[in-house]
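Colleague: Sequence below, structure please.
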Amino acid sequence: MAQLYFYYAAMNAGKSTSMLQSAYNYREQGMHVLVLTAAIDHRYGVGKVTSRIGLQSDALLFQADTDLFDLYQQVAHDGPVHCILVDEAQFLKDKQVRQLTKIVDQLNIPVLCYGLRTDFKGELFPGSQCLLAWADKLIELKTVCFCGRKATMVVRLDADGRPLQAGDQVAIGGNDLYQSMCRSHFAEKMAW
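Modeller: Numbers count the residues shown, from 1 in each chain. Sure thing, here's the model as predicted:
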């Protein structure tokens, strides 16, 4: 029986690497995967999922208004889809998570979502919140803080490397803009 998985972590935990490895494993067995990523993040090219260690795959883009069930049906019209992999899942909307559950429950297709749990203020992304509530399996991928403890939070930095405490929830960037930290150092940097 297929399930909906949510692999979540702070930045630099290898979420995209893990997703690309899963895609490779399915393809190596002769299975077709549908790889999706958020249109909002095109740092490594439009329609690409790229890991920091250099792995890459083509992907279809989803926007805030993309109906993922309809998109699946369009792709499946050309041949069977054995698994759906979603990168940057924190950018999914609630209705899109429910569309993914429909694919899992009605069509018996596994869906593996990878994304951040919280933003730079320690607040859940809407897509992540819905996935935490609706996913069958929750898997935390781990990375480390500069102190060596498990990093669970993300701090957004200004151009001078100082932590920001306000701003839009979404600002696309990598190590130039964000740093993963343990909760203790996050609280210290945010002056709580």
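
Colleague: Checking my notes, Q99 in a helix, right?
Modeller: Yes. When classified by DSSP: H, G, I helix; E, B strand; the rest coil, Q99 is found to be part of a helix.

Colleague: Surely A59 and D87 touch.
Modeller: Yes. Between A59 and D87 there is a contact under C-beta atoms under 8 Å: 6.8 Å. (Each C-beta comes from the backbone N, C-alpha and C, glycine too.)

Colleague: Mind listing the shared neighbours of those two?
Modeller: Counting by C-beta atoms under 8 Å, 6 or more residues apart in numbering, the residues touching both A59 and D87 are 35-37, 49.

Colleague: Beyond the helix or strand of the chain with the lowest mean pLDDT, next helix or strand please.
Modeller: The weakest-scoring helix or strand in the chain, judged by mean pLDDT, DSSP states H and E, is strand 48-50 (a mean of 71). Beyond strand 48-50 in the direction of the C-terminus, DSSP states H and E gives the next helix or strand as strand 56-58.

Colleague: Quick check: what element follows that next one along the chain?
Modeller: Assigned by DSSP H and E, the successor of strand 56-58 is strand 60-62.

Colleague: what packs against that next one?
Modeller: In terms of contacts (3 or more C-beta pairs under 8 Å, 6 or more residues apart in numbering; DSSP states H and E), strand 60-62 is packed against strand 33-38, helix 68-76.

Colleague: could those go into a markdown table alongside mean neighbour count, distance to L100 and mean pLDDT?
Modeller: Converted to a markdown table, these look like this (neighbours: other C-beta atoms under 10 Å; distance: least, C-beta to C-beta, whole Å; pLDDT from 0 to 100):
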| stretch | mean neighbour count | distance to L100 | mean pLDDT |
| --- | --- | --- | --- |
| strand 33-38 | 23 | 10 | 93 |
| helix 68-76 | 16 | 6 | 95 |
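
Colleague: how about these, which one is nearest I53?
Modeller: Nearest to I53 among the helices and strands packed on strand 60-62 is strand 33-38; the distance by C-beta to C-beta comes to 17.0 Å.

Colleague: Which secondary structure elements does the closest one sit against?
Modeller: Counting contacts by 3+ C-beta pairs under 8 Å, 6+ apart, strand 33-38 is packed against helix 15-28, strand 48-50, strand 60-62, helix 68-76, strand 83-86.
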